[in-house]
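Chemist: what follows is a predicted structure for the sequence shown.
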Amino acid sequence: MSFAIEPMEQFMVHKVVDIAPINIGGFMLDMSITNSTVMMLVAATLISILLAFSSRGSLVPGRVQAVGEILFDLIDNTLVTPIIGHNGKPYIPFVFTIFMLVLFMNLGGVLLSVGSLGGQEWTFTPTAQLAVTATLALLTFLSVIVIGIIKNGFGIYKLFVPSGMPLAMVIVMVPIELISFLARPLTLAMRLFGNMLGGHVVMYIFGSFVVMLGAIGLTGGIATLGFVGSALSLSMVVVLTGLELVVAGLQAFVFAALATVYLNEVVNLGHGH
Amino acid sequence: MSASETTEGTAHAEAGGLPQFDPAWWPGQIAWFLIIFLAVFILMRTIFVPRIGGTIANRDATIEGDIARARQLKDEADAQVQAAAAETAAARASSQKLASEARAKAQAEIAAGLAKEEAKLAESTAKAEASIAEARDKAMGGVRAIAIDTAQAIVGKLTGKPASAAEIEAALAARG
């Protein structure tokens, strides 16, 4: 018996429903529904169901309503209002959308481990796809720039030139500020991508140890000790599952927190909030 | 079996390590993610955030209103408690006054009764003393007559010559 360890197989995208490519100015955009699309849609659907329950507006909330309200309160009263202030209210939908989508796509990869159904592998984490995290990071970055220009016009340059700084320092500081500003989408994308990728690879490897060492143990003799290793690996998988749940929530919060911090810089630019 | 392994192997070789870097899947994922993000964002902006935010604000306002009303009711109750305490104190004071008055009256009555009884007692005591004195005087008078008789008899026996009652009387009077 032998098992091929393919830790990267779980990140393979494959088509579920074939859709003819759409021609956009000569570029053929393949909008086929893939396993990645399915998990994104599942996340969006679960978010909608949860928040629909939370939108019923009972004065005394039920359990499901309370969950949505706690998540909303986390974004409103822990991030947006303390960081941006009361003029941050218009940005709550944007930050909440980021938070909920990242959270549910992260959690989907851990909790919705349905395995293979109908000859297809369904367990998939869209946030472990660089295409997805980079899109979200760029979307956040560009939104911050657009909001900054709408709010401040040409005054957006103050983002790179802190007020009251001597000219000699400006020459040094502006490139540093510019580089750190431009690095934001990269760090946002890589942080989420790396966290999800790493966690899932480690879980897969320990999971395959369970099977491999168990198979060795079956051969008998001194190799029976393989069962011990198998059991230890299984307990590692259990621990890592818990850790992954923490990371899923934490990374969603970190992404939302950074988006809020970046928004705050352009919303309260020069106000010394 | 071997055929499928070979195709898998080639797929991996083509992807070159991480499947995430396979550019074939990028446009579709980006387009779908943007569509889904936009859809969720529109739902958030138009329905979820206003409603959930409204519910929470409404709840906070209700709780604040309830607390304010409870505080007001508590103040009212406190005022009533104070009024009741004042009333109780007043009632206690008047009842104490009444009680002390009643006590004073009763004591005065008792004292008057006592004085009357004592006066009565003193009168009867005086009467009794007077009758005792009279009786004694009377008894003492009897004793004088006996003494005179006895003295007459003794004088008669001793001297052989009876003394007259007048002589004995005179002798007694001389002695007091």
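Modeler: Ah, there it is. Residues are numbered from 1 along each chain as shown, chains lettered A, B, ... in the order given.

Chemist: got the contact list for the one helix or strand in chain A whose mean pLDDT sits lowest?
Modeler: Sorted by mean pLDDT, DSSP states H and E, the helices and strands of chain A end with strand A:116-117, the least confident at a mean of 74. Under the criterion Cβ atoms under 8 Å, 6 or more residues apart in numbering or on different chains, residues A:Trp122 lie in contact with strand A:116-117. Every C-beta, even on glycine, is put in place using the N, C-alpha and C of the backbone.

Chemist: who does the helix or strand that that strand is followed by pair up with?
Modeler: Downstream of strand A:116-117, the next assigned helix or strand under DSSP states H and E is strand A:120-121. Sheet pairing of strand A:120-121 (DSSP bridges) gives strand A:116-117 (antiparallel).

Chemist: how far away is A:Arg191 from A:Gly198?
Modeler: 11 Å (Cβ to Cβ, to the nearest Å).

Chemist: which one of the two is surrounded by more residues?
Modeler: A:Arg191 (16 against 13; other Cβ atoms under 10 Å in any protein chain shown).

Chemist: tell me the secondary structure for that one?
Modeler: Following DSSP: H, G, I helix; E, B strand; the rest coil, we place A:Arg191 in the helix state.

Chemist: what of A:Pro61?
Modeler: Reduced to three states by three-state DSSP, A:Pro61 is coil.

Chemist: kindly state the pLDDT recorded for the residue in the stretch 101-250 of chain A that chain B sits nearest to?
Modeler: Closest contact between the stretch 101-250 of chain A and chain B, by Cβ to the nearest Cβ, is at A:Ala131 (4.1 Å). Looking at A:Ala131, its pLDDT reads 94.

Chemist: check which helix or strand it maps to.
Modeler: Here A:Ala131, judged by DSSP H and E, is contained in helix A:130-152.

Chemist: for that helix, name the packing helices and strands.
Modeler: Helix A:130-152 sits against helix A:92-111, helix A:167-217, helix A:226-267, helix B:26-43, with contacts defined as 3 or more Cβ pairs under 8 Å, 6 or more residues apart in numbering or on different chains; DSSP states H and E.

Chemist: how about a cut-off of 6 Å?
Modeler: Judged by 3 or more Cβ pairs under 6 Å, 6 or more residues apart in numbering or on different chains; DSSP states H and E, the packing partners of helix A:130-152 are helix A:167-217, helix A:226-267, helix B:26-43.

Chemist: between these, which one is closest to A:Gln120.
Modeler: helix B:26-43 (16.7 Å; Cβ to Cβ).

Chemist: and stretch A:150-164, how far from the chain's centre?
Modeler: 30 Å (Cα atoms, centre = their mean, to the nearest Å).

Chemist: roughly how far does A:Asn268 sit from B:Thr159?
Modeler: 157 Å.

Chemist: longest helix in chain B, please.
Modeler: Scanning chain B for the longest helix, with DSSP state H as the assignment, gives helix B:49-159.

Chemist: now do the same contact list for A:Ala44.
Modeler: B:Ile36, B:Val40 (Cβ atoms under 6 Å, 6 or more residues apart in numbering or on different chains).

Chemist: so which helix or strand takes in it?
Modeler: Per DSSP H and E: helix A:35-54 holds A:Ala44.

Chemist: name the residues of that helix that come out as buried.
Modeler: When burial is assessed from 16 or more other Cβ atoms under 10 Å in any protein chain shown, helix A:35-54 yields the following buried residues: A:35-44, A:47-48, A:50-54.

Chemist: export stretch B:126-143 as CSV, just CAs?
Modeler: C-alpha atoms of stretch B:126-143 as CSV (Å, rounded to 0.1, in the frame of the first residue of the first chain):
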residue,chain,number,x,y,z
ALA,B,126,-56.3,59.4,115.2
LYS,B,127,-59.7,58.2,116.2
ALA,B,128,-58.3,54.9,117.3
GLU,B,129,-55.5,56.6,119.1
ALA,B,130,-58.0,58.8,120.9
SER,B,131,-60.1,55.8,122.0
ILE,B,132,-57.0,54.0,123.1
ALA,B,133,-55.9,57.0,125.2
GLU,B,134,-59.4,57.2,126.7
ALA,B,135,-59.4,53.6,127.5
ARG,B,136,-55.9,53.9,129.1
ASP,B,137,-57.0,56.9,131.1
LYS,B,138,-60.0,55.0,132.2
ALA,B,139,-57.8,52.0,133.0
MET,B,140,-55.4,54.3,134.8
GLY,B,141,-58.3,55.7,136.9
GLY,B,142,-59.2,52.1,137.9
VAL,B,143,-55.6,51.5,138.9
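
Chemist: what's next to that stretch, contact-wise?
Modeler: Where contact means Cβ under 6 Å, 6+ apart, no residue beyond stretch B:126-143 reaches it.

Chemist: nearest residue to A:Leu197 other than its sequence neighbours?
Modeler: Excluding its sequence neighbours, the residue lying closest to A:Leu197 (Cβ to Cβ, 6 or more residues apart in numbering or on different chains) is A:Ala128, at 5.0 Å.

Chemist: the one you found reaches A:Gly199, doesn't it?
Modeler: No - judged on Cβ atoms under 6 Å, A:Ala128 makes no contact with A:Gly199 at a distance of 8.5 Å.

Chemist: near chain B at all, stretch A:16-29?
Modeler: Yes - judged by Cβ under 6 Å from any Cβ of the partner chain, stretch A:16-29 and chain B are in contact via A:Leu29.

Chemist: start and end of that stretch, how far apart?
Modeler: End-to-end distance for stretch A:16-29: 16 Å, by Cα to Cα, to the nearest Å.

Chemist: now do stretch B:164-176: distance to the chain's middle.
Modeler: From the chain centre to the centre of stretch B:164-176 is a distance of 86 Å (Cα atoms, centre = their mean).

Chemist: more neighbours, A:Asn268 and B:Thr159?
Modeler: Taking other Cβ under 10 Å, A:Asn268 and B:Thr159 do not tie; A:Asn268 has more neighbours (16 against 9).

Chemist: mean confidence score for stretch B:76-88?
Modeler: Mean predicted lDDT for stretch B:76-88 stands at 96.

Chemist: mind checking pLDDT for the nearest residue to A:Leu71 once chain neighbours are set aside?
Modeler: Leaving out its chain neighbours, the residue that sits closest to A:Leu71 by Cβ to Cβ, 6+ apart is A:Met100, at 7.0 Å. Among the per-residue scores, A:Met100 shows a pLDDT of 97.
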